[in-house]
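K.L.:
model the structure of this input:
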Amino acid sequence: MKLTYQLPVLLQEFGFDKEAGLIHCFLDKNLTIEHQRVFHMKDPDLYIYFGRTLPSKFNEGALWFDINDFSLNTLALENNQYIITPLAKVIGTPYLKSKYIDRKIDPPISTKDFLNKINELVAVYYKLAQERFKIQDDKICYIDEDLKVESDLERKIINDPVWQVGVLKKSEGKAHTEINVFVHIKDVFQNIENLYTNKDNKSKLRLIAIVHDAFKYLVNERKDKVGENHHGWIAKEYLKNICDDEEVLYVIEYHDKAFNLYTHYAKIADSQKNKITEELKLFINELSKRGIMDLYTQFYFADNSTGRKLPEAYNWFCEVVKLVHYPNNAHL
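P.N.:
Residues are numbered from 1 along each chain as shown. Next up is the predicted model:
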């Protein structure tokens with residue numbers, strides 16, 4: 001399944017009725033609805049259609065949310081050919097690709113006025129995007145300077161509005177006392193600099209840190225935060241579009257697994273703790289098999305040494321690592 005999570009962002013962040021964002025709850029593999037329409041609160045003439053297929057007719061100024069690849073597109077018709085341009089091409093979202101689909105419809109609706117309306121629509125959304133993401137103009141230098149960007153890939157990420165929106169949100173979770181995710185990332189970066197500045201893994205650790213919590217705001221709070229609805233999975237899906245480092249992607253996806261196991265371990269009766277310990281052992285063995293024990297442990301320590309996170313969680317992890325006799329643990 002592709003990313004469904006950008007839908008509420010693209011709707012709510014750009015002025016659509018907030019209820020429209022709930023539609024993402026139903027975007028799953030078994031979606032059967034044909035089309036659904038919502039309108040922009042500032043301009044009722046601006047519509048978005050949702051569906052697996054293009055609407056046979058659509059209002060002037062329409063957008064189409066293609067639930068096959070979860071892209072939001074402007075629609076035009078010229079010489080009986082749909083011209084589909086991702087809205088993301090205007091606002092900078094990296095996921096979506098332009099495409100052209102041949103399809104004859106009756107009656108044809110390609111007119112100069114319609115194409116002009118499409119241009120107006122793009123201008124409206126570009127303005128909305130600029131207003132919402134004004135950090136592109138006056139905050140990017142601040143972000144760049146504070147994070148001390150060290151690679152083109154890091155710069156590509158921080159220039160992405162989807163990342164920017166996420167890191168300027170409040171950090172979620174009782175262990176996070178930071179004002180927003182950006183401050184948390186900055187703290188993790190500082191730990192990496194202090195602890196691992198001469199390590200071969202430093203660039204990988206920074207890459208993990210820069211995205212690991214950036215997409216919590218895309219989690220569907222109405223569902224269990226597991227699998228494809230976990231912020232680690234979303235971050236991994238985001239990064240794999242621009243990075244093919246399997247070690248980095250795996251650590252990003254499971255960066256909270258050891259901590260989450262500890263929170264469960266700490267709450268249950270002593271008679272049940274062994275089951276959780278065995279689950280952590282299996283995870284440690286998987287890290288060892290993949291050759292990423294050092295990378296995971298280094299990031300875990302850098303991440304856990306922030307906010308109000310419990311040192312007991314990391315210490316328990318290290319004790320279990322000793323139990324499975326892994327000799328090259330990074331921080332012990």
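
K.L.:
distance check, Arg222 against Ala258.
P.N.:
27 Å (CB to CB, to the nearest Å). All C-beta atoms are positioned from the backbone trio N, CA, C, and that covers glycine.

K.L.:
meant to ask about Ile276
P.N.:
As for Ile276, its distance to Ala258 is 11 Å (criterion: CB to CB).

K.L.:
and for Ala266?
P.N.:
Here Ala266 is placed at a distance of 13 Å from Ala258 (CB to CB).

K.L.:
ok, those two, which is more surrounded?
P.N.:
Set Ala266 next to Ala258 and count neighbours by other CB atoms under 10 Å: Ala258 wins out with 23 against 13.

K.L.:
what comes up buried for the helix or strand containing the more buried one?
P.N.:
Assessed by DSSP states H and E, Ala258 sits inside helix 257-267. For helix 257-267, a neighbour-count test (16 or more other CB atoms under 10 Å) marks Lys257, Ala258, Phe259, Leu261, Tyr262, Tyr265 as buried.

K.L.:
please verify my assumption that the last one contacts Lys273.
P.N.:
I take that to be Tyr265. Yes - with contact defined as CB atoms under 8 Å, Tyr265 counts as touching Lys273 (5.7 Å).

K.L.:
please name the nearest non-neighbouring residue to Asp181.
P.N.:
No, residue 181 isn't Asp; it's Val. For Val181, the nearest residue in space outside its immediate sequence neighbours is Val167; the separation is 4.5 Å by CB to CB, 6 or more residues apart in numbering.

K.L.:
wait, the one you found sits on Ala214?
P.N.:
Yes - counting by CB under 8 Å, a contact exists between Val167 and Ala214, whose distance comes to 5.2 Å.

K.L.:
so those two - more neighbours on which side?
P.N.:
Neighbour comparison, Val167 and Ala214: the larger count goes to Ala214, with 29 against 26 (by other CB under 10 Å).

K.L.:
what residue ranges in the protein score low on pLDDT?
P.N.:
In the predicted model of the chain, residues 1-146, 161, 170-179, 325-332 satisfy pLDDT under 70.

K.L.:
how about a cut-off of 80?
P.N.:
Screening the chain residue by residue with the criterion pLDDT under 80, one finds the ranges 1-147, 159-162, 164-166, 168-180, 197-200, 217, 220-222, 307-310, 325-332.

K.L.:
tell me the domain boundaries of it?
P.N.:
Partitioning the chain according to automatic domain parsing yields domains covering residues 6-132, 136-323.

K.L.:
so what's the residue count around Phe299?
P.N.:
Under the neighbour criterion other CB under 10 Å, Phe299 is assigned a count of 27.

K.L.:
in stretch 149-167, which residues are buried?
P.N.:
Along stretch 149-167, these residues count as buried under the neighbour rule (16+ other CB under 10 Å): 149, 153-154, 157-167.

K.L.:
hmm, I was thinking of stretch 281-293
P.N.:
Applying a neighbour-count criterion of 16+ other CB under 10 Å, one finds Phe283, Ile284, Leu287, Ser288, Ile292, Met293 buried in stretch 281-293.
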